[in-house]
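Colleague: With the input below, show me the fold.
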Amino acid sequence: MKRHILLAALLGAILGLSAKTRKAVFVIIDGIPAQTIERLQPPTLMDIARHGRYSRAYCGGEVGAYSQTATISAIGYTNILTGTWVNKHNVRGNGNIEANYNYPTLFRIAKDQSRPVTTAIYSSWTDNRTILLGEGRPETRNLKVDYVFDGYDKDKQHYPDEPGDLHIQKIDGRVCEEAAKCIGTNAPDLNWIYLWYTDDAFHNHGHGQFSDESVMTVDRQLAPVWQAICQREKENDEEWLVIVTTDHGRTVTGKGHGGQTQEERTVWVITNQKRVNRQFHRPTLSHVDINPTICRWMDFQVPRDVEFERDGIPFIGPTDICNLHAETYDKQLNLTWDAQGNSGPATVWISPTNDFAKGGHDEWKQAGQVPARSGSYQIDLSPWPEARTFKIVVQTPATTLTRWLVK
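Modeller: Reported below is the predicted structural model:
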């Protein structure tokens, strides 16, 4: 009996030691092509990758399909924030933005938790907070960010306009300084850092030495933030998830973006976590995987209605299915997906409504259940002859895949 008590106490001590407080920071550095990162090997970004992983990914939704999404900055940020493409979040450019706040951002999800979650934004563009996050708006239930470091783009006294937008590079430096201080001192639970100038450098100069140096400069600016995170992990009972990415690629000259060429759609993702799952190295890795990855890391509870809307899947933790496709054959809907390992049952859901987009709830019907390894399922669509859009979910205990079928 004493031996069992001793073993139980030892196990409890081990579990207690391993239960570190989890924190997350995601960084968006604007408009840096993957080939530039791979060629320059910026020291700070590569150090994060050496601790974890690097992979190319894609943005822009599915070419020619309902989710095709322009490769533009604010759209890319919102893909990441909501885990959805433009057909849902409705951010269609950098100006005149009419976001659909019914698709919650990471910050809304964080604040909807039953436990307190502190949030922080460090941003060279104020609209990230005031418009994309929708801070203080009734539609976001008056979302409040706990630590705010932005507004510098509107501060013409301290950051007057300079030729070639070089004042933005100084603002990026200030943003990184404030992020390093706040993370080092206050350690908010969820942190978003946005850095702007590299996009301006490429717009003005295209591929070349000037743009290369802008990438190396922002890498140096980010170094104190990475050092602060490493220091927090060393000195405090904390475990941090770091994700660094960019919002879009570029045209072949480096000056433009917005279209659907391979160069414009190709982005990259760096994380400090080595234990990624297969999704991280699949061709399907994309912007929309970041939201569910952070939610899983932070153990955020996500309502089913929200989970059934997200277009991505986590790249940490278990995952067993991917790559859902849907096509009709007469009045039948044929679903296929890829399965891996000894995956368990897959439950198939269908909704002929899209009331979620208007703030309502959809009519989800369980169509059936099959072994996930079967990789396919057929649904009779004849009960809904008037429906123009079907929303489909295939769900296992480890993964939720979503897709629309638009007639």
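Colleague: Contacts only, for residue 167.
Modeller: Contact analysis of residue 167 by CB atoms under 8 Å, 6 or more residues apart in numbering lists 159, 160, 161. For every residue, glycine as well, the C-beta is placed using N, CA and C.
Colleague: Look at the first one and report its pLDDT.
Modeller: Model confidence at residue 159, given as pLDDT, is 97.
Colleague: Tell me the secondary structure of it, please.
Modeller: coil (DSSP: H, G, I helix; E, B strand; the rest coil).
Colleague: So what does it have for phi and psi?
Modeller: Phi and psi for residue 159, reported as degrees, to the nearest 10, are phi -130, psi 70.
Colleague: Next, work out how far apart it and residue 372 are.
Modeller: 53 Å (CB to CB, to the nearest Å).
Colleague: and the two? which has more neighbours close in?
Modeller: Legend: neighbour count by other CB atoms under 10 Å for residue 159 and residue 372, higher for residue 372 (25 against 16).
Colleague: And the more buried one, how far from residue 26?
Modeller: Residue 372 sits 30 Å away from residue 26, going by CB to CB.
Colleague: for residue 185, same thing?
Modeller: From residue 185 to residue 26 the distance is 20 Å (CB to CB).
Colleague: Who has more neighbours out of the two?
Modeller: More neighbours surround residue 26 than the other of residue 185 and residue 26, with 23 against 10 (other CB under 10 Å).
Colleague: Quick one: end-to-end distance for stretch 104-114.
Modeller: End-to-end distance for stretch 104-114, by CA to CA, to the nearest Å: 16 Å.
Colleague: Oops, could you answer that again for stretch 279-291 instead?
Modeller: Stretch 279-291: ends 14 Å apart by CA to CA.
Colleague: before we move on, what about stretch 357-371?
Modeller: Across stretch 357-371, the terminal residues are separated by 31 Å (CA to CA).
Colleague: All the helices of this protein, residue numbers only.
Modeller: Taking DSSP state H, the helices of the chain run over residues 2-18, 34-40, 43-51, 73-82, 86-89, 106-111, 127, 166-185, 197-205, 209-235, 262-265, 290-297, 304-307.
Colleague: for the second one, packing partners?
Modeller: So that's helix 34-40. Helices and strands touching helix 34-40, by 3 or more CB pairs under 8 Å, 6 or more residues apart in numbering; DSSP states H and E, are helix 209-235, strand 266-271.
Colleague: do you know which of the ones you listed lies nearest residue 334?
Modeller: Comparison of the helices and strands packed on helix 34-40 against residue 334 by CB to CB identifies strand 266-271 as nearest, at 30.3 Å.
Colleague: which other residues reach the closest one?
Modeller: By CB under 8 Å, 6+ apart, the residues outside strand 266-271 that reach it are 32-34, 37, 45, 48-49, 52-59, 76, 241-249, 280, 285, 287, 290, 315-316.
Colleague: and residue 33, how many neighbours does it have?
Modeller: Residue 33 has 25 neighbouring residues, counting by other CB under 10 Å.
Colleague: Oh, that last question was meant for residue 307, not what I typed.
Modeller: As a burial measure, residue 307 scores 16 neighbours (other CB under 10 Å).
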